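Undergrad: Sequence first, predicted coordinates after that:
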Amino acid sequence: MNRRTRRQLLSLTALTGALALGAGTASATAAPAWTETGTTHVNSLTGSQGLASRADGSLVHRGLASIPVSLRIAGWSHVGDPDVAGGYTFDAYQGGDDATKKMFAATAPDGKRTTYEHALDQGELLNNSFAAVSPDQQWLVSGEWGTMNRLQVFPTPVLNPTAPAPGTNLPQAGQITLDKPVENIQGCDFTDATHLLCSSDDATKEVLEVALDRPLDGKPVTGHVTTAFAIPQRSVCSGAFEAEGIDYDAARGTLRVAVVPPAPCLVTTAVIAYRHS
């Protein structure tokens, strides 16, 4: 076999393999790939738990020092990854190990904050890791901790007319049942009506995509879980990283993921930005 013939055969083999690979993964091409575009850093005291983008492109950051004194006195000792919808900022709060409720706070553009408590249902964990509002603003998705096969859904306070008034119990609506378990979900955000991206603080530290069978409507729905990409773990400090909140700015096509480096570098949180590639 001469050199030219060998090159032709190798080219044909590569083309055939590429075509076969494309045919085999055609169903996966609907999910966008993400290209890293840069990293910023924020104070972990006010930015380690999560972030959300406002309509004007500015960011809301959350950390343990973000908890208002009045809420801390009331027993709400942890704030999760927030979201912004309809001009309101939605925060997910949880109490201590003996908590029997979790709480969502809705802060209006004028700064007025209204709280909505949810009494834990049977088998529900006290953790309240994040708040993610659906694109139609009617449903608020949240999550627990550990290895879970579901995400929780609530009517969005203030924005959903079926949501109860403050001071009454905020009930769960139809849950998202996941087709495979997820671990330590720190935050989720919608990229469209049927897709969420979620940051997982599992051993890999990764962003997962959850594809819903249909847009949320208050009834049970199935979510199909795939891995989008691994979260970079870069620091001059060595040790365990912690994946934190996530935000998708739909107006600008920018995805951001927060990750806390090991001690003593954990005083600053890295916020890594991505765009569709």
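TA: Alright, I've got the coordinates.

Undergrad: Check which helix or strand the spatially most central residue of the chain maps to.
TA: The central residue of the chain, meaning the one whose C-alpha is nearest the mean C-alpha position (Cα atoms, centre = their mean), is Cys188 at 1.6 Å. Cys188 is located in strand 185-192, with elements delineated by DSSP states H and E.

Undergrad: And that strand, what's buried?
TA: Going by neighbour count (16 or more other Cβ atoms under 10 Å), the buried part of strand 185-192 is 185-191. C-betas here are computed from N, CA, C, even on glycine.

Undergrad: just stretch 46-60 next, same as before
TA: Neighbour-count burial for stretch 46-60 flags 47-53, 59-60 (criterion: 16+ other Cβ under 10 Å).

Undergrad: Would you mind putting these into CSV with distance to Asn128 and secondary structure alongside?
TA: Converted to CSV, the buried residues of stretch 46-60 look like this (distance: Cβ to Cβ, whole Å; DSSP: H, G, I helix; E, B strand; the rest coil):
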residue, distance to Asn128, secondary structure
Gly47, 19, helix
Ser48, 16, coil
Gln49, 11, coil
Gly50, 12, strand
Leu51, 17, strand
Ala52, 15, strand
Ser53, 21, strand
Leu59, 21, strand
Val60, 17, strand
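
Undergrad: Relative to Ser77, which of those is nearest.
TA: Gln49 (12.1 Å; Cβ to Cβ).

Undergrad: so how many other residues sit close to the nearest residue to that closest one once chain neighbours are set aside?
TA: Spatial nearest neighbour of Gln49, excluding adjacent residues (Cβ to Cβ, 6 or more residues apart in numbering): Arg62 at 4.5 Å. Around Arg62 sit 26 other residues, with neighbours defined as other Cβ atoms under 10 Å.

Undergrad: For Arg62, give me its contacts.
TA: Arg62 is in contact with 46-47, 49-51, 79-82, 91, 245, counting by Cβ atoms under 8 Å, 6 or more residues apart in numbering.

Undergrad: rerun at 10 Å
TA: 46-52, 79-82, 89, 91-92, 130, 187, 244-245, 258 (Cβ atoms under 10 Å, 6 or more residues apart in numbering).

Undergrad: ditto for Leu120
TA: Residues in contact with Leu120, defined by Cβ under 10 Å, 6+ apart, are 99-102, 126.

Undergrad: among those residues, which two are most distant?
TA: The largest separation in the contacts of Leu120, counting by Cβ to Cβ, is between Thr100 and Lys102 at 9.2 Å.

Undergrad: Quickly list what's touching both of those two.
TA: Taking Cβ under 10 Å, 6+ apart as the criterion, Thr100 and Lys102 both touch 117, 119-120, 126.

Undergrad: pLDDT, secondary structure and distance to Asp249 added to the residues you listed, as CSV?
TA: Converted to CSV, the shared contacts of Thr100 and Lys102 look like this (pLDDT from 0 to 100; DSSP: H, G, I helix; E, B strand; the rest coil; distance: Cβ to Cβ, whole Å):
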residue, pLDDT, secondary structure, distance to Asp249
Glu117, 98, strand, 30
Ala119, 98, strand, 34
Leu120, 98, coil, 32
Leu126, 97, coil, 30
